[in-house]
Structure formats: C-alpha cells, structure tokens
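*Asks:* okay, structure incoming, though there's no sequence with it:
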Ligand SMILES: Nc1ncnc2c1ncn2[C@@H]1O[C@H](COP(=O)(O)OP(=O)(O)O)[C@@H](O)[C@H]1O
Ligand SMILES: [Mg+2]
C-alpha cells in the first residue's frame, strides 16, 4: 500500500498535525500494522519536497509531530490520479504450495496429506477471521472479507490440485 | 477396525459403507461429534457428504458399520424407532424445498411440534420465539412463496430448532443463497445452535461456510478424514 498517497488522501479533508495523521491512519488502516513515527516524518518530508503538501503551522514545543501539514493543489491532483488508476492484480505465479506438492510427489511422499494439512491451516485462519468479523464493525468486516476471499481462492486451488494429484504424479514422477 | 467412541462424543460412526448399485458412496467413513460442537463435513461434489449425513441422521441405513447415538446403536434400530429418535432428537436444514408452501411461515416452524402432538397455540408460541431469534418473526403470517431465499432459509433454521434437538443436520444450508445472505444465515444459525447447546453436522463444499465450524472433516471417495484426530 502507498503510505504517501494514503496520508495525502487523509489531508484532503483538512490540515492535520503529524501525530494526528499517524493516529487516524492507524485507526482506519493500520489494524495489524500501525505506522512508526519515523515513517510519517520521512513520508511527509518527501511529500513536502515534491510540493504535494506544505507546512501550515507549527505548534509550540517543537518536534516534527508538532508540524501541521496541508495538502496543495498538486497533492489533490496526485490523490485523484492514484485513486483513478486500477491496481495491477497480484500475479500469484510463484506458489510455494505448488513447489511443495511437486517436491512431495518427486520424493514419493504423501502429497494428499500435505494438501489436507494445508487446508486445515487455511481453515484455522478463516475461522479466526470469521470470529473477528462477527465481533467487529463494518470496517472489520470488509477487511476480514477481503482476506477470507483470498484464502478461499487458495482453498479452491487446493481442492482442484487434490483432485488432479494422480495426473500430476504421472507427469512429475512417472 | 473397532475402537471405543471418543470419550464424551454424542454421535459416532465407524467404518460406514453404503453402495447405490455399483456406486460406492461410502467406503469406510468415520465420524464423531460432541454436544454443542459444530463440525463441517467438506469435500468435492459426489464424494459422499450427503450420504454420510443421511446415515448419521438415521434417514438411510448403511450397508455396514456402526452408528452410536448417546449410548444407543442407531444402526441396529428398526425403522419405527429410528424415526421416533429422529423426530425427538434431531433437526434438519436442507438446501431448499423444505417448507410446506400451503402453510404460513409460523405454521411451518410449528409443524415438527404439531407432529409430536403439541397443541397448536403452544406450538406456535414456541415457533415465534425461534423466529424472533432468527429475525424473521415479522414473516409469521406469510407463505414461503412470499419470502426471499435468505428469509426462507432462516425460517427453515427456526423450524429445525423448534423441537430443541440435540443434533442439527444441515446439508449445504446456504447453497442457494448469495454470500451476504448465506453469511447472515450461518451467523444466526450457529449462534442459535450454540446457545441451545445443539451439535451441528454442517455439510458444505464452501470454505467460507465451513469457517463457522469448530473443526472439519474431509470426505473423499467415500472415505472421511477427521483432521483433528489426524493432526
Ligand atoms: N439415491 C442415490 N441413488 C444412486 N446413487 C446415489 C444416490 N445418492 C448418492 N448417490 C451417489 O453416491 C455418490 C455420493 O453422493 P453424495 O453423498 O450425494 O455426495 P456429495 O453430497 O458429496 O455430493 C455419488 O456418486 C452419487 O451419485
Ligand atoms: Mg450433497
């Protein structure tokens, strides 16, 4: 995720101090991974240098978290461009799971076992996410659903591979 | 293989076999569930999930193997005793087509109690209580044809719970619903089952539905694999 664009986007609704930016980011997007202050300052100084934000005021007491930042015209344009540009989907072409399945077949280990164990592990994660979703607000639900749908896609691949294991064995380890 | 059922289990099956003509639907399937537990039965289409559920619920007798329910051998009971047990101890939710179209929703939910001989007023009062839990009490006077798929499924869940069953059998209960409606049904269903301390045998091929369970077993080519006992 682009932290620069996200912080810039947060500034569009009005100027904020460094500490306020961090707090809002953590609250809205940082569930599992809160920002370090260092990330906020390095990002803001880059945005300053590129003319996307300006310093709008400095609170007494000094320290970079006391600086108040405001977005510039160029900053607004940059946010708009970022939002309008579709993200390139993850390619998902380097699968550790695929490698493990092939290696299991090559070494005459039980690949079906491996797939079953992986399914179990995926489901364990999906249960935890489902639980969090049940107790959470709408933001939690959306974040968890995103993860759940991806894990589900993995599981569908696991099922399909399990069903094709005999064929794959013939190809890989005849 | 004959081993004692896992301690504390409510319903246990061992080495079930069931053939339909040349098709071996179950080929040595094992299963066990504890009171209040939600167990997902997963596996590809045609692997024998529904057949396993039908055997466990005493709807279809297995060709061989044993099924123990609460200390009694279900697989050795005659038809009459099996149906009596089913009516008093088990509840059912299927994918669709289970509500009687001529009856109102509350009459549908009350039906299992009426069949057990409970007076109408009393049965419908209990039915309404369950419909409230499933958030469909406002549909009491409607007929199944007048409610949406998700609502109908919640009515069906209320009906499965109305007799205070100890085991609920659900075969692809969200199979005909979109994901939002399906999730709401699963949420209300598992909440209600947990608070009633009913065990749930949940057949599904969908991982997101199975994620509402406590653990899963996997059926493949008529053989089941209890992931908890394996891992
Ligand atoms: N009543 C039946 N008559 C004939 N074959 C059946 C019947 N029920 C199930 N089968 C067969 O048994 C196998 C397992 O079916 P089923 O238990 O319905 O699988 P699942 O629920 O996993 O899709 C399939 O090959 C199916 O065609
Ligand atoms: Mg089925």
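*Replies:* The structure has been received and is ready for your questions. Computed from a predicted model, the values in this text were never measured in an experiment. Ligands and ions are numbered 1, 2, ... in the order given.
*Asks:* spit out the contact partners of the residue in chain B that chain A sits nearest to.
*Replies:* Checking chain B residue by residue against chain A with CB to the nearest CB singles out residue B:211 as nearest, at 3.8 Å. Any C-beta I mention is one placed from the backbone N, CA and C, and that applies to glycine too. In this structure, residue B:211 makes contact with A:123, A:126, A:127, A:129, A:130, A:148, judged by CB atoms under 8 Å, 6 or more residues apart in numbering or on different chains.
*Asks:* again, but for residue A:76
*Replies:* If you count contacts by CB under 8 Å, 6+ apart, then residue A:76 has residue A:12 around it.
*Asks:* tell me which residues in stretch A:147-163 are buried?
*Replies:* Neighbour-count burial for stretch A:147-163, with 16 or more other CB atoms under 10 Å in any protein chain shown as criterion, is recorded at A:148, A:151, A:152, A:154, A:155, A:158, A:159, A:161, A:162.
*Asks:* those: which ones sit near chain B?
*Replies:* Contacts with chain B are made by A:148, A:151, A:152, A:155, A:159, A:162 out of the buried residues of stretch A:147-163, judged by CB under 8 Å from any CB of the partner chain.
*Asks:* the helix or strand the third one falls within near ligand 1 at all?
*Replies:* By that I understand residue A:152. According to DSSP states H and E, residue A:152 maps onto helix A:138-163. No - on the criterion CB under 6 Å from any ligand atom, helix A:138-163 is out of touch with ligand 1, staying 12.3 Å away.
*Asks:* tell me the mean pLDDT for that helix?
*Replies:* On average, the pLDDT along helix A:138-163 is 92.
*Asks:* so what's the gap between that helix and the chain middle?
*Replies:* A distance of 14 Å separates the C-alpha centroid of helix A:138-163 from that of its chain, computed with CA atoms, centre = their mean, to the nearest Å.
*Asks:* got the contact list for the residue of chain A found nearest ligand 1?
*Replies:* Ranking the residues of chain A by distance to ligand 1 (CB to the nearest ligand atom) places residue A:159 first, at 12.3 Å. If a contact means CB under 8 Å, 6+ apart, then residue A:159 has A:119, B:44 as its contacts.
*Asks:* any idea how far residue A:102 is from it?
*Replies:* 17 Å (CB to CB, to the nearest Å).
*Asks:* can you give me the strands for the chain?
*Replies:* Using chain A here. A:16-17, A:53-58, A:67-71 (DSSP state E).
*Asks:* wrong chain, I was asking about chain B
*Replies:* If DSSP E is used as the criterion, the strands of chain B fall at B:11-20, B:23-33, B:38-42, B:64-69, B:72-73, B:90-93, B:167-171, B:199-203, B:215-220, B:223-226.
*Asks:* list the contacts of the shortest one.
*Replies:* Residues lying outside strand B:72-73 but in contact with it, judged by CB under 8 Å, 6+ apart, are B:66, B:67, B:85.
*Asks:* in TSV: these, plus neighbour count, distance to chain A and pLDDT.
*Replies:* What follows is those, written out as TSV (neighbours: other CB atoms under 10 Å in any protein chain shown; distance: CB to the nearest CB, whole Å; pLDDT from 0 to 100):
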residue	neighbour count	distance to chain A	pLDDT
B:66	16	25	95
B:67	22	24	96
B:85	17	31	93
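*Asks:* ok, these vs residue A:9, which is closest?
*Replies:* Distance from residue A:9 was checked for each of these by CB to CB. The minimum falls on residue B:67, at 59.4 Å.
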